[in-house]
Structure formats: structure tokens, C-alpha cells
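**Q** mind looking at a prediction? Sequence and model below.
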Amino acid sequence: MYYCFRYNKKYTIRDIFDMPAGEVKVLTYFAKMEIEEKMKEIENMK
């Protein structure tokens, strides 16, 4: 189960396979951005 905070929606792997390729790219791009933001927050706490 993947969770996309930006859209406040849960996605299963099957949902992702059913999506058009463009949407999947957008979703993975946002997920990457979220992870990078979290990493920066963690580094700022040190």
C-alpha cells in the first residue's frame, strides 16, 4: 500500500498498474519529493 500525502489518497500496486504511465510518473515524482523533504527535515534537526 502506497500513501500519497499530496493527494491524501492510498494507492495499491494494482491501482498504480491501472493508471496511465504519465500519472505513475507524476506519483513517483511527488513521492521522491516528499522523501527528499523529509530527509532535509531530519538533517536540519541534527
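**A** Happy to help now that I have it. This one's a predicted model, so the numbers in the text were calculated from it and none came from an experiment. Numbering: from 1, shown residues only.

**Q** stretch 23-36: which residues count as buried?
**A** Residues 27, 31 are the ones in stretch 23-36 that count as buried (16 or more other CB atoms under 10 Å). Bear in mind the C-beta positions are built from the backbone N, C-alpha and C, glycine included.

**Q** got the residue ranges for the helices in the chain?
**A** Secondary structure of the chain (DSSP state H): helices at 13-18, 21-45.

**Q** export these to a markdown table and tack on mean pLDDT?
**A** Formatted as a markdown table, the helices of the chain follow (pLDDT from 0 to 100):
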| stretch | mean pLDDT |
| --- | --- |
| helix 13-18 | 72 |
| helix 21-45 | 82 |
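
**Q** quick one, what contacts Val26?
**A** Residues near Val26 by CB atoms under 8 Å, 6 or more residues apart in numbering: none.

**Q** if I look at Val18, how far off is Ala31?
**A** That one is not Val; residue 18 is Asp. Here the criterion is CB to CB, to the nearest Å. By it, Asp18 lies 17 Å from Ala31.

**Q** roughly how far does the residue nearest to the spatial centre of the chain sit from Lys46?
**A** In the chain, the centroid-proximal residue (CA atoms, centre = their mean) is Ala31; its distance is 2.2 Å. For Ala31, the distance to Lys46 equals 24 Å [CB to CB].
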